[in-house]
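> Fold the following, please.
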Amino acid sequence: MAIARLATSKLGLMGLQGRIMLYVSAGLVVMFVAWGVISARGISRISEVLLEERVTAAEAIAAIIAFDLQHVVIDVTEDLEKLDEFETYAERHATLVGALEHLRDNDEFVFFRPTQIVVLDSNGVEILNAGELETGSVAWIEVNDNAVATPEVEILPPSLFPSLPGAFAVVAVPLHLGTAFVITEGIHSDQPIPSFLPGTNPDAPPSSGKYQIEVLDAVGRVALQIGKGELAGKVSEHSLIVSRLTTGGTAGAERHSLGKDHIVAAAPIPGTGLFLVLEQEGDQALSVPAKIQVLFIVIGAVGFVVALVMAWLTTRRVVRPTLELAAAMERIANGDLESPVRVKAQDEIASLTQNVESMRIRLAGALGELESSNEELGRRVQQRTDRLTQALRQTISAQEGERQRVSRELHDDVAQQLIVLTRTLDEFRSNSSIPEHLSAIDSVGGLAREALATIRRVSSDLRPSVLDDLGLVASLNWVAAEAREGTGVQVSVIATNAPRNINPDTSLALFRIAQEAMHNVERHSEARTVVIQLDRVGDEYLRLTIQDDGSGFAVPESMRDMVQSGHLGLIGMRERADLIGGRATIESKPGEGTTVCVDAPLDPVGALPSVGDGR
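Numbering: from 1, shown residues only. Okay, the predicted model is just below:
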C-alpha cells in the first residue's frame with residue numbers, strides 16, 4: 001500500500017503529457033514483450049524444424065551409403081554365382097576380374113569405390129584375387145585372420161582391417177567355393193557433398209552452406225571424410241557426440257560449439273556398423289533463426305520507437321492546448337484579468353476556453369466594481385480618519401493649552417498666595433512669644449509649605465516651564481532627574497547629536513512620550529537603569545529612544561489587544577507620534593527589558609515614509 005501511495009504521489013508530480021507517455025510506454029512494452037515471446041516461440045519452432053531437417057538429411061545420406069553397399073552385394077552375388085562351374089583358374093580369375101570391372105565401370109557410387117575382390121576358402125586360404133593388391137601380401141594375411149565363414153552377407157567395418165590403406169568397408173559375400181571379400185575405398189574430398197543431396201544449393205560456392213560428412217567406425221576412426229582436411233584413419237572429434245546421439249540405434253542432432261557454433265547430426269548406417277556425421281561450417285540451421293531473430297529485434301525496436309514518436313506527437317497536439325489553458329488560468333489566479341484567453345483548439349478544450357474567457361470578463365468587471373467600491377470606501381475612511389485626527393489634534397492641543405493655563409494659574413496665583421502666606425506666618429512667629437501661638441504658626445506654616453511644594457509639582461507635571469524656557473533636551477534631563485529622585489533608578493540622557501532648535505509641537509510630543517515611558521518604568525518595569533537618547537537622523541528626522549533593563553512584557557499585536565490588556569499608555573505614545581507625522585515602535589520581551597523608539601520629522605507637517613506596521 002505504501003509503495004502504491006508513493007507511486008501515485010510521484011505520478012501526480014508529472015505533467016499530463018508525461019503521464020500519457022508513461023501509460024503509452026507501458027502499453028507498448030507489454031505489446032512488444034508479447035511480440036518478443038511469440039517471436040521467440042516461432043524462432044524456437046523454426047530451430048526445431050531445422051534440426052529435424054538435419055536429422056532427416058543425415059538419415060537420407062546414411063540410407064544412400066547402405067543402399068550402395070547392398071548394391072555391391074547384389075552385383076557380386078550375381079556375377080560370382082556360377083564361379084564354381086569353371087574348372088580352370090584362368091576362367092575363374094577372369095570372371096572375378098569382370099565382376100570387379102563391372103562394379104567400377106557400370107555402377108557409380110557416390111561415397112566409395114570397389115578396389116579389390118578376394119576369394120578365400122573355408123580354411124581362409126586365398127583362392128582368387130582381383131584388384132590392386134598382389135597375391136600373398138600381408139594384407140591378405142590380415143583378411144585371412146579376420147575372415148569368418150558365414151552363410152550370410154556381412155559388411156565389415158574398416159576397423160577390422162587397419163593395414164588396408166583407405167579402406168571404407170569390406171563386403172563379405174558367401175559363395176560355394178568360400179567367401180568373396182569386396183574391399184571398398186572411401187572417396188575422400190575437401191569439397192562439400194554434391195548439390196543433389198538434401199539441403200544443398202547447386203549455385204552456391206564451394207563450402208558455402210553445403211554439408212560436410214564424416215563416416216566413423218565403431219571406435220570413432222574416420223573411414224570417409226568429405227568437405228574437410230585429411231582426417232581419414234584418425235579418431236574424429238565427433239566420436240563422443242556420435243556415441244551420445246546414436247544410443248539405441250536412432251539418429252539425432254545437437255549444437256556443437258567447437259570452432260564456429262553449428263549443428264552436428266549423426267545417424268547409424270544400417271547393417272554396416274558405421275556411423276554418419278553431417279554438419280555445416282556456416283550452419284544454415286543456426287543462421288536462419290539468428291537472422292529471423294535479428295529481423296524481429298530490428299522490427300520491434302523500430303516499431304517501438306515509431307510508436308513512441310507517434311504517441312509523443314499525438315499527445316503533444318492534445319496536451320499543448322491544455323497547457324496553454326492552464327497557463328491562462330494561472331495568470332487569472334495571479335490577478336491578471338486584462339490578458340485575453342486565446343487557445344487554438346477545436347474540441348472540448350475550445351469550449352472550455354470560451355467558458356474561461358467568459359469567466360475572465362465577468363471577473364474583470366466584478367473586480368472593477370469592487371475596486372471602485374473600495375476606492376470610495378477608502379476615501380470615506382480617509383475623510384473620517386482625517387476628521388478624527390484633526391479632532392484628536394485639536395483635543396490634545398486644547399488639553400495642552402488647558403494644562404498650560406492651569407499650570408500658570410497655579411504657578412502665578414496659588415503658588416504666589418502660598419508664598420505670601422508663609423512669609424506672613426514667618427512675621428507672626430517673629431513677633432509672637434507665646435508658645436501656643438508659635439506651635440500653631442509652625443503647624444500652619446508647614447502645611448502651607450507642603451501645599452506650595454505640591455502646587456509646584458503639579459504645575460510642573462502639567463506643563464514644565466523648562467520645556468518652554470530651555471527646550472526638549474533640558475526637559476528630558478528634568479524628567480530623568482525627577483525619576484532618579486522619585487524611584488532611585490539610574491537614568492542617563494544622551495543628546496550629543498540633537499539639534500538646538502526643535503519645533504515646539506515635536507518637542508511637546510517627544511516630551512510627553514518620554515514622560516509616559518518613564519511613568520511606565522516607575523510603575524511596571526522594575527528597571528535598574530534607563531537610557532534616554534535623542535539623535536538627529538539625516539536632515540529631516542529626530543529619533544528618541546528610551547531603553548530600560550526591566551522585566552519586559554509581551555507587546556500586543558493590535559490596537560484592540562492593547563485596549564483589552566490595559567496598555568493605554570502605549571496607545572497614547574503612538575497617537576502622539578502619528579499626530580506629528582512620526583512613528584512609534586515598542587519592542588519588548590519578558591525578561592529582556594523594553595525599548596521605545598520614536599522617529600519624528602523636524603517639521604511636524606511632513607510624515608515619515610511607510611515601513612510597515614511595525615509600530
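> Hmm, Asp217 is touching Leu274, no?
Yes - Asp217 is within contact range of Leu274, at 6.0 Å (criterion: Cβ atoms under 8 Å). Where you see a C-beta, it was placed from the backbone N, CA and C, and this is true even at glycine.
> shared neighbours, those two?
Pro157, Ala223 (Cβ atoms under 8 Å, 6 or more residues apart in numbering).
> Quick one: mean pLDDT for stretch 357-373?
Stretch 357-373 shows a mean pLDDT of 83.
> Please list the outside residues in contact with it.
In contact with stretch 357-373 (Cβ under 8 Å, 6+ apart) are residues Ile332, Leu337, Glu338, Pro340, Val341.
> one more time with 7 Å
The contact list for stretch 357-373 (Cβ atoms under 7 Å, 6 or more residues apart in numbering) reads Ile332, Leu337, Pro340, Val341.
> Stretch 500-514 now?
400, 467, 471-472, 475-476, 479, 532, 542, 544, 546, 573, 576-577, 579-580, 584, 598, 600, 602-604.
> hmm, which of these are the buried ones?
400, 467, 471-472, 475-476, 479, 532, 542, 544, 546, 573, 576-577, 579-580, 584, 598, 600, 602, 604 (16 or more other Cβ atoms under 10 Å).
> Which of those residues fall within strands?
Ile532, Leu542, Leu544, Ile546, Ala584, Val598, Ala600 (DSSP state E).
> and of those, the nearest to Ala251?
Ala584 (111.4 Å; Cβ to Cβ).
> Run through the bridge partners of the closest one.
Per DSSP bridges, residues listed as beta-bridge partners of Ala584: Val598.
> quick one, strands of the stretch 351-500 of the chain?
490-494 (DSSP state E, counting those that start in this stretch).
> Residue ranges in it under the pLDDT threshold?
By pLDDT under 70, the weakly predicted segments of the stretch 351-500 of the chain are 385-386, 388-418, 420, 425, 432-434, 437, 452-453, 455-469.
> average model confidence for the host helix or strand of Glu78?
Element membership for Glu78, per DSSP states H and E: helix 16-79. The average pLDDT within helix 16-79 is 81.
> Reformat the ones in strands among the buried ones among the contacts of stretch 500-514 as CSV; add pLDDT.
As requested, those are arranged in CSV below (pLDDT from 0 to 100):
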residue, pLDDT
Ile532, 89
Leu542, 87
Leu544, 88
Ile546, 90
Ala584, 87
Val598, 90
Ala600, 86
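> Quick one: name whatever helix or strand follows the helix holding Glu78.
helix 89-105.
> And for that following helix, what's in contact with it?
Contacts of helix 89-105 (Cβ under 7 Å, 6+ apart): 72, 75-76, 79-80, 83, 86, 113-114, 117, 119, 128, 130-131.
> hmm, try it at 10 Å
71-72, 75-80, 82-86, 88, 109, 113-119, 127-132, 177, 180, 182, 184 (Cβ atoms under 10 Å, 6 or more residues apart in numbering).
> tell me the angle the very next helix or strand once past that helix makes with helix 89-105.
Using DSSP H and E, the helix or strand that follows helix 89-105 towards the C-terminus is strand 112-120. Orientation of strand 112-120 against helix 89-105 (axes from the mean of the first three to the mean of the last three Cα atoms, to 10 degrees) gives an angle of 160 degrees.
> Strand 112-120: partners in the sheet, and parallel or antiparallel?
Strand 112-120 is paired, per DSSP bridges, with strand 126-131 (antiparallel), strand 179-186 (antiparallel).
> Please identify the buried residues of that strand?
Phe112, Arg113, Pro114, Thr115, Gln116, Ile117, Val118, Val119, Leu120.
> Show me how far it is from its chain's centre.
Relative to its chain's centre, strand 112-120 lies at 81 Å (Cα atoms, centre = their mean, to the nearest Å).
> repeat for stretch 123-133
That offset, for stretch 123-133, works out to 89 Å (Cα atoms, centre = their mean).
> cool, stretch 299-313 as well?
22 Å.
> Any buried residues in it, and which?
Buried residues in stretch 299-313, counted by 16+ other Cβ under 10 Å: Gly300, Phe304, Ala307, Ala311.
> now those as CSV including distance to Val170?
Output for the buried residues of stretch 299-313, formatted as CSV (distance: Cβ to Cβ, whole Å):
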residue, distance to Val170
Gly300, 58
Phe304, 64
Ala307, 68
Ala311, 74
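> Which of these fall within strands?
Reading strands off the buried residues of stretch 299-313, I find no matches (DSSP E).
> for those residues, which one is nearest His524?
For the buried residues of stretch 299-313, the nearest to His524 is Ala311 (74.9 Å; Cβ to Cβ).
> From Leu325, how far off is the closest one?
Counting by Cβ to Cβ, to the nearest Å, the gap from Ala311 to Leu325 is 22 Å.
> just to revisit the earlier point, run the angle between the helix holding Glu78 and helix 89-105 for me.
160 degrees.
> Off-centre distance for helix 16-79?
43 Å.
> Run through the strands of the stretch 101-250 of the chain in chain order.
Counting by DSSP E, counting those that start in this stretch, the strands of the stretch 101-250 of the chain are 112-120, 126-131, 154-156, 167-174, 179-186, 212-216, 222-226.
> of all those strands, which lies closest to Ile419?
Using Cβ to Cβ, the strands of the stretch 101-250 of the chain put strand 212-216 closest to Ile419, at 148.5 Å.
> That closest one - contacts with which helices or strands?
Strand 212-216 sits against helix 16-79, strand 222-226, helix 239-245, strand 262-269, strand 274-279, with contacts defined as 3 or more Cβ pairs under 10 Å, 6 or more residues apart in numbering; DSSP states H and E.
> what comes up buried for stretch 118-138?
So stretch 118-138, judged by 16+ other Cβ under 10 Å, has buried residues Val118, Val119, Leu120, Gly124, Glu126, Ile127, Leu128, Asn129, Ala130, Gly131, Leu133.
> how far out from the middle of the chain is that stretch?
With Cα atoms, centre = their mean, you get 88 Å for stretch 118-138.
> can you pull the contacts of Gln70?
Val153, Ile155, Val171, Pro270, Gly271, Thr272.
> how far away is it from Arg574?
130 Å.
> now do Asp217
Asp217 is 122 Å from Arg574, by Cβ to Cβ.
> So for those two, which residue has more residues nearby?
Asp217 (23 against 19; other Cβ atoms under 10 Å).
> The more buried one: what's it in contact with?
156-160, 167-169, 223-224, 236, 239, 272-275 are the contacts of Asp217 under Cβ under 10 Å, 6+ apart.
> what about 6 Å?
Counting by Cβ atoms under 6 Å, 6 or more residues apart in numbering, Asp217 makes contact with Pro157, Pro158, Ser159, Ala223, Leu274.
> any idea which of these is least confident?
Ser159 (70).
> Only the buried residues of stretch 438-451, if you could.
Ile441, Val444, Gly445, Ala448, Ala451.
> how long is stretch 480-498 end to end?
End-to-end distance for stretch 480-498: 17 Å, by Cα to Cα, to the nearest Å.
> What number of residues are in the vicinity of Val219?
9.
> Does it touch Ser159 like I think?
Yes - using Cβ atoms under 6 Å, Val219 is in contact with Ser159, at 5.3 Å.
> measure Val277 to His238 for me?
In terms of Cβ to Cβ, Val277 sits 5 Å off from His238.
> How about Val444?
151 Å.
> now Ser358
Counting by Cβ to Cβ, the gap from Ser358 to His238 is 86 Å.
> Distance to Ala57 and mean pLDDT for the strands paired with strand 112-120 - can I get that in CSV?
Shown next, in CSV, are the strands paired with strand 112-120 (distance: least, Cβ to Cβ, whole Å; pLDDT from 0 to 100):
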stretch, distance to Ala57, mean pLDDT
strand 126-131, 33, 85
strand 179-186, 19, 86
